[in-house]
Structures are given as C-alpha cells and as structure tokens.
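Chemist: fold the following.
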Amino acid sequence: MESSLAVPRLPPHDPRTPPLAVVDMHTGGEPLRVVLAGCPEVVGPTLLAKRRYMREHLDHVRRRLLLEPRGHRDMYGAVLVPSELPDAHLGVLFLHNEGYSSMCGHGVLALGRFALDFGLVPAPPAGVREARVNIHCPCGLVAAFVQCEGGRSRGPVRFHSVPAFALATDLLVDVPGHGKVVVDIAYGGAFYAFVSAEKLGLDVCSAKTRDLVDAATAVTGAVKAQFKIHHPESADLAFLYGTILTDGRDAHSEEPTTNICVFADAQVDRSPTGSGVTARIALQYHKGLLELNQTRAFKSSATGSVFTGKAVRMITWSIREFR
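Modeler: Residues are numbered from 1 along each chain as shown. This next block holds a predicted model:
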C-alpha cells in the first residue's frame, strides 16, 4: 500500500521518542485513532503474521497510542499496513486496551471515509455516488461502501463483512455471582457471547454501566473457562472477544433492539458494535428469527446510536474445516 498522507509540522519533542501523527475519528460515538505516520515497520508476509509481530515487538506503540496520558481505557486504534491480498486497498491492525482484535465494524466504517478523503483509493468517476474500499482486516477482506460527491465522502458508510455464523446456542455456563446462565456464541469477524441482561438481573437500557460491565466481564470469563472456541479457517481467530448484553428482543421488530458490548479488558463500545451486530444477525438468522435481506436495527445503550444490518446470503463450510 502506498500512501501520500500529509503530516503537519510537529512541535518540539523528545528525539528519543519518535512522534506519531494520528487522526481521531468516531463512529456512533466509538473512537478510532488512525495512525498517519511514525509507527515502525510492521514485519510479516501476511496480515495475521503482522498482527503477531506487532503484538510481540511493537506493543509499546499500542500502549502509547491508546492508554493514559494520550488515550484512555476505552480508546480504539488502527495501524494501516500493506496487505498481501491483490484486491485490498489497505490492510489494518485494530488495537484496543488489551491487545489486537480480529475485526472492528465501527473501524471499517470510519476507515472507508478515511481512505476516500485521504486519497488511499481513487475517487470514483463523476456521477458515481458510492466508492468501494476493500479493507483487509485480520479476519479477512471486508468491503466498505462510501457515499460520496465530487470525490469526497458525503454520506453514510456501509460494509459487507466476512461470513458470520452461530457457533453455539443455548450453552449453559456457570457464571460467578449469577449461577447457571444460558448464552449463545456467534462470530461476526470476532466471537462474542450473547445473553439477555435480564437473565443477569439487569435492564440493559437503565442499569448502571458499571453493573453491566461487571456482569458482561463475568460472562466472558466463564465462557473462556468452560467452552473452547473454534474457527473454521484459522486458530488466530479462535478466541472470545467479549460479551454483548441485549434487551432480549431478538424476534424481528421495526423498533431497534438495544445492546451493550463489553470486550477486551472491560472496554465498553459506545456504538452498537459493527462486528457484534454482524454476529447477532447471524445468530438471529440461525434461529429462524430473520430472513435473508430482512433489515434489523440495533441500538447502543451507551449513546443511543443505531446500526442497521441484514444477512445477504448463506454459505456453507465443510465439517473438516472445523477440526
């Protein structure tokens, strides 16, 4: 990936600490800190190899970008890297307070606009009102579609994610402080546990955020201890990213269903969570609660922002791929 990103003149700084130039964005209230320049080269023949290299050799960059005093525990980041896929316009490594995720829907939405406005993809011809940006995420190639005018982003962004699926339904998990709780596990570029907050004695729309975070964190820990995650293509993707507490309204409705996502080290997503929405759609489709191309709205309990999504087609993996 070649980039001609303009970096502004920087103020005096400690020469022992190379400066990092960033652009801060947000999607539905959820931040994304995009690195313009200053990150050392991330080495590796594939994107997943680059993800491992950054985790093992450049984690100080993540900590400096996201944690105090320059960030906070709920900051999110993106480092742009070359992709080995010929169809990708850019590759990206997503960063959070604990490490490195495999997918980030709100990040893809933000990067779609970023790529168009910073010239990482060519502006579409006159009269074409939507630009396609192929973003190679650790989970695979994701296509973002950016409404535009005159070569600049002028409207909402949508994306086609990687294949999503339900991994386990009605799984009985012993959650400390809550007893036996039935949860579902689904994948939307990352794995999430889903449970109605009501089963934990909470209302996702009115409970204190601290109580929701504590309950979701307890569910995540219990699932990790009691259930082994499998991914059909890569062991690098086989981990539980977090827990999404819902309002329990999974049957289709014209009204948005509300949820909150708690991931990584008790980090809270301000948006409805793009990869979580993808996984929840797959789960609802699996349960027969949604049909193909039936749109559903999902609302963040943190900010009230809304994402919409739908399942567009069904694919099948062979059983041998899960071994």
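Chemist: can you pull the contacts of L240?
Modeler: Applying CB atoms under 8 Å, 6 or more residues apart in numbering to L240 gives the contacts I185, F191, Y192, A193, T220, V223, K224, I229. Backbone N, C-alpha and C define where each C-beta goes, glycine included.
Chemist: okay, and the beta partners of it?
Modeler: For L240, the beta-bridge partners are F191 (DSSP bridges).
Chemist: circling back to that earlier point, could you dump the contacts of L240 to TSV with secondary structure, distance to T27 and pLDDT?
Modeler: Output for these, formatted as TSV (DSSP: H, G, I helix; E, B strand; the rest coil; distance: CB to CB, whole Å; pLDDT from 0 to 100):
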residue	secondary structure	distance to T27	pLDDT
I185	strand	25	98
F191	strand	21	98
Y192	strand	18	98
A193	strand	23	98
T220	helix	23	98
V223	helix	27	98
K224	helix	27	98
I229	coil	26	96
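Chemist: can you redo the residues you listed as a markdown table with distance to G288 and neighbour count?
Modeler: As requested, the contacts of L240 are exported to a markdown table (distance: CB to CB, whole Å; neighbours: other CB atoms under 10 Å):
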| residue | distance to G288 | neighbour count |
| --- | --- | --- |
| I185 | 18 | 21 |
| F191 | 22 | 24 |
| Y192 | 20 | 30 |
| A193 | 21 | 28 |
| T220 | 27 | 22 |
| V223 | 24 | 25 |
| K224 | 29 | 14 |
| I229 | 24 | 18 |
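Chemist: tabulate the residues you listed (CSV), appending distance to R129.
Modeler: Compiled in CSV, those are given as follows (distance: CB to CB, whole Å):
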residue, distance to R129
I185, 38
F191, 35
Y192, 33
A193, 39
T220, 41
V223, 43
K224, 44
I229, 40
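Chemist: ok, so of these, who is nearest L93?
Modeler: L93 lies nearest to F191 out of these, by CB to CB, at 18.3 Å.
Chemist: quick one, helices of the chain?
Modeler: Per DSSP state H, the chain carries helices over the ranges 47-57, 59-66, 105-117, 209-226, 274-286.
Chemist: of all those, which lies closest to L36?
Modeler: The nearest among the helices of the chain, by CB to CB, is helix 105-117 at 9.8 Å.
Chemist: how much does that closest one deviate in direction from helix 274-286?
Modeler: On the basis of axes from the mean of the first three to the mean of the last three CA atoms, to 10 degrees, helix 105-117 is oriented at 120 degrees to helix 274-286.
Chemist: then helix 105-117 to CSV, C-alphas only?
Modeler: What follows is helix 105-117, C-alpha atoms only, in CSV (Å, rounded to 0.1, in the frame of the first residue of the first chain):
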residue,chain,number,x,y,z
GLY,A,105,-17.1,-2.8,12.3
HIS,A,106,-17.1,0.7,13.6
GLY,A,107,-13.4,0.9,12.5
VAL,A,108,-14.3,-0.3,9.0
LEU,A,109,-17.0,2.4,8.7
ALA,A,110,-14.6,5.1,9.7
LEU,A,111,-11.7,3.8,7.5
GLY,A,112,-14.0,3.8,4.5
ARG,A,113,-14.4,7.6,4.8
PHE,A,114,-10.7,8.0,5.8
ALA,A,115,-9.5,6.1,2.7
LEU,A,116,-11.5,8.1,0.4
ASP,A,117,-10.8,11.6,1.9
